[in-house]
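1. Prediction below, plus the sequence it came from.
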Amino acid sequence: MFIVDAHLDLAYNALHGREVLLPAARQTPGNIQEDGIPSVGLPDLRRGSVGLVCATIFCEPDDGKGKGYRTADQAHAEARRHIDWYQEQFAGGEMKLVRTATELPTAPANSISTIILMEGADPLRNEEDVRWFFEAGVRIVGLAWKRTRHAGGTGAPGPLTDEGRRLVRVLDHFGIIHDASHLAEESFWNLLEMTDGPIMASHSNCRAFNPTDRQLSDKMIKALVARGAVIGINF
C-alpha cells in the first residue's frame, strides 16, 4: 500500500525541541499539555510505508502571551528557519525534495519523498518572497490558519483581503497549489471563484460529522471534487 501523509509539522516540531529523527516512542515527551504526545518520527514513516509527505512550514502567530510572530517580517524570518531545517534533512538523505510531478515516488523509499507546504501565508510579503520560497521547494500554500493578512481562517470568519487576492494571482503565476484547509468559508468560496489553479485540502474532515468551521461542508467537498482536488483527513 502506498500511503501519503498530506500534512506533517516536522520542521515546527523539530525547531521546538521534538526529536523527529527518532521513532515517536523514543522521543522526549516534553510539555505534553502544550506540545501533545509525540506521535511521529521519520523512522515511523518508513516502517509504516509512507511514501510521500507534505511537510509544512508553520509559523505560529502571536497568542497574546509573547509567543509567535507579530509582523510579516518575523513570520518570514521564522519560515526561512524551517526551510533551513528541511535543507539539512535533504542534504543528509533523511528526506528527498519533490519539486515536480515527474519526481513523485511510486513506492516508499528510505529517503522520504517530501513536498513542502506553507500553512498560513503571512511569511509571503511580496512576489519576490513567493519566488524565493518557490525556488526553495515550496509547492503548496494555504492562505490561512487562523486569520492572516490574506484571508479569514479557523475561528475567524471573513473574505479574502485585497492583499490575499493579489497573492492568489502571484501563486497562480508560479503554479503553486492552493491548500483550502483552515480557510474561512467565505474565503474558500472567494478562492474558488477567482482561480482555476490546482487546489487541495490537506487536512480537513466532514462538517456533517464534526460541525465546526474547521471542517468542510458537503457543498465545499463537492466543489473540491468537481475541481479534481485531493482531500486529506485528520486523525
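-> That came through, no problem. Numbering: from 1, shown residues only.
2. Need the CA coordinates for the longest helix along the chain. CSV is fine.
-> What stands out as the longest helix in the chain, according to DSSP state H, is helix 72-92. This file holds the C-alpha atoms of helix 72-92, laid out as CSV (Å, rounded to 0.1, in the frame of the first residue of the first chain):
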residue,chain,number,x,y,z
ALA,A,72,5.2,39.7,8.4
ASP,A,73,8.9,40.2,8.7
GLN,A,74,9.0,38.0,11.8
ALA,A,75,6.9,35.4,10.1
HIS,A,76,9.2,35.5,7.1
ALA,A,77,12.3,35.0,9.2
GLU,A,78,10.8,32.1,11.0
ALA,A,79,9.7,30.4,7.7
ARG,A,80,13.3,30.6,6.4
ARG,A,81,14.4,28.8,9.6
HIS,A,82,12.0,26.0,8.6
ILE,A,83,13.5,25.9,5.1
ASP,A,84,17.0,25.6,6.6
TRP,A,85,15.9,22.6,8.6
TYR,A,86,14.4,20.8,5.6
GLN,A,87,17.5,21.5,3.6
GLU,A,88,19.6,19.9,6.3
GLN,A,89,17.4,16.8,6.0
PHE,A,90,17.6,16.7,2.2
ALA,A,91,21.4,17.1,2.3
GLY,A,92,21.7,14.3,4.9
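3. helix, strand or coil for residue 116?
-> For residue 116, the assignment made with DSSP: H, G, I helix; E, B strand; the rest coil gives strand.
4. what's the spacing between it and residue 38?
-> 22 Å (C-beta to C-beta, to the nearest Å). For the C-beta atoms, the positions are set from N, CA and C on the backbone; glycine is no exception.
5. Please identify which of those two sits among more neighbours.
-> Taking neighbours as other C-beta atoms under 10 Å, residue 116 and residue 38 compare with residue 116 leading, 25 against 21.
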